[in-house]
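Engineer: need coordinates for the below:
(chains A, B, C and D)
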There are 2 protein chains.
Amino acid sequence: MQSRTPASRPGRPRSATADAAILAATREALVELGWSKLTLQDVAMRAGVAKTTLYRRWAGKNELVVDAVAELFDELRLPDAGSLAADIEGVVLQFAALLDRPECRSGLMAVVAESTRDEPLRERIRASVVERQKRLVVEGRSRAQARGELPPESDPEETARTIDLTFDMVAGAVVHRTLVSGKPADGPWIRSFIRVLLLGLSAPA
Amino acid sequence: MQSRTPASRPGRPRSATADAAILAATREALVELGWSKLTLQDVAMRAGVAKTTLYRRWAGKNELVVDAVAELFDELRLPDAGSLAADIEGVVLQFAALLDRPECRSGLMAVVAESTRDEPLRERIRASVVERQKRLVVEGRSRAQARGELPPESDPEETARTIDLTFDMVAGAVVHRTLVSGKPADGPWIRSFIRVLLLGLSAPA
DNA sequence: AGCTTTCGCTACGACCCGTAGCGTAATGGC
DNA sequence: GCCATTACGCTACGGGTCGTAGCGAAAGCT
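Structural biologist: Below is the predicted model of the structure:
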């Protein structure tokens, strides 16, 4: 996750149990304290490890929380509900449920904010969180094109741009609705959103 | 801004000069240090005031940064470029320029993250930042309806939902593009975005 | 065995927080 | 002009977190 083991090094290996306990303790602390009041020594206490163990594995609070939140995004799955609209609705509902969890709300936006001044952190977020979401867009899109619900594209560069645009529109709208407007991204909202989105995307270039 | 003066109170009034100096110093510190390394005593030094003066006016870092960033959003204007697409392009370009400024990037997302566990803070952000953006959507929409570019609505509740949806889609996509994907919301991107958006919004219900 | 790395523990200086207390400055009411 | 009231700058304080260093013991590999 954070430090690769080149084959097997000599010496005592790192405890995988401790890793899991630390990440779970981090999420627990995020729920109870939120990002700003979360301290590394509190996480160490909860996880039952020494504070120095945390610093051996993570550079700081930012990196730790990214890894703790990233695990939540493993749950995201692309359902096969028969139509593009239904597929998107299923994914967005899962995403909205994630953003409803307090450990996600307070952690994710905070590390994104930090990443504006920390390029390695941005890359870490991109690799472990954003890519997992984006893959859902790519897969859903190719599936819809096979069904004839979206116009196919020949130019691979144009395809990449359209995927980027779709991803930013979907994820951006849901996040903004949930965290800025503070209203739930529930069924009715999602369906009206998908309607606007698909009308725009399915039109010929 | 943060404490209303009921008519005129007895005693020495608060220095408006100090207010402006503090907010400017906050933005300056945001540029140089970013959100996480910004401290109130550093802001006090830069502004040439005592630390206690800061605490007399703002409850803490969160509220101070919200006010400092909110002033930036005063610059947003709705241009009259003749068509809805051109109007939106103008507004989004301004918004993207705002999000390019480091004092905005690092400050805005951080307070939004904090607001997930602080309802008064969320309300403060809504009133002083979000409302100013939303008004642009409302105005641009009614202008477009007068020009016949968007279908009119009879149900006022439906109208409110459409405005909310439009706002979340526009602001969300631009923020996500800029801060999460880390790519510029430049002219070509904005135009392809507007194309998708308007195709969806201009379709009949 | 011997070597290497991790782990828990303790301690440390540095820094920031948020508040209290003081004397002084600036205003409005009488 | 005097006084009550509020704002201001300054100093100081206890409490907390940070990130690091050093130590002895534990747990793997060869």
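
Engineer: point out where chain A drops to low pLDDT.
Structural biologist: For chain A, residues meeting the criterion pLDDT under 70 lie at A:1-7, A:205.

Engineer: need the longest helix for chain A.
Structural biologist: In chain A, with assignment by DSSP state H, the single longest helix is helix A:16-37.

Engineer: residues contacting it, please?
Structural biologist: By CB atoms under 8 Å, 6 or more residues apart in numbering or on different chains, the residues outside helix A:16-37 that reach it are A:1, A:38, A:42-44, A:46-49, A:53-54, A:57, A:64-65, A:67-69, A:71-72, A:102-103, A:106-107, A:110, B:113-114, B:116-117. C-beta coordinates here come from the backbone N, C-alpha and C atoms, glycine included.

Engineer: 7 Å instead, please
Structural biologist: Outside helix A:16-37, the residues that touch it by CB atoms under 7 Å, 6 or more residues apart in numbering or on different chains are A:38, A:42-43, A:46-49, A:53-54, A:64-65, A:67-68, A:71, A:102-103, A:106-107, A:110, B:113-114, B:117.

Engineer: got the residues of chain A near DNA strand D?
Structural biologist: By CB under 7 Å from any atom of the strand, the residues of chain A that approach DNA strand D are A:8, A:10-13, A:39-42, A:51-52, A:55, A:60-61.

Engineer: neighbour-wise, which of these leads?
Structural biologist: A:Lys61 (19 neighbours; other CB atoms under 10 Å in any protein chain shown).

Engineer: now that one: how far from chain B?
Structural biologist: 9 Å (CB to the nearest CB, to the nearest Å).

Engineer: show me what contacts that residue?
Structural biologist: A:Leu38, A:Leu40.

Engineer: over to the one 10 residues further on?
Structural biologist: When contacts are counted by CB under 7 Å, 6+ apart, A:Glu71 is found next to A:Leu23.

Engineer: distance of the residue of chain A found nearest DNA strand C relative to A:Ala21?
Structural biologist: Of all residues in chain A, the one sitting closest to DNA strand C is A:Gly11 (2.1 Å; CB to the nearest atom of the strand). As judged by CB to CB, to the nearest Å, A:Gly11 and A:Ala21 stand 21 Å apart.

Engineer: what about the residue nearest the centre of chain A, which SS state?
Structural biologist: For chain A, the residue nearest the mean C-alpha position is A:Val129 (3.8 Å; CA atoms, centre = their mean). Three states are possible here, and by DSSP: H, G, I helix; E, B strand; the rest coil the one that applies to A:Val129 is helix.
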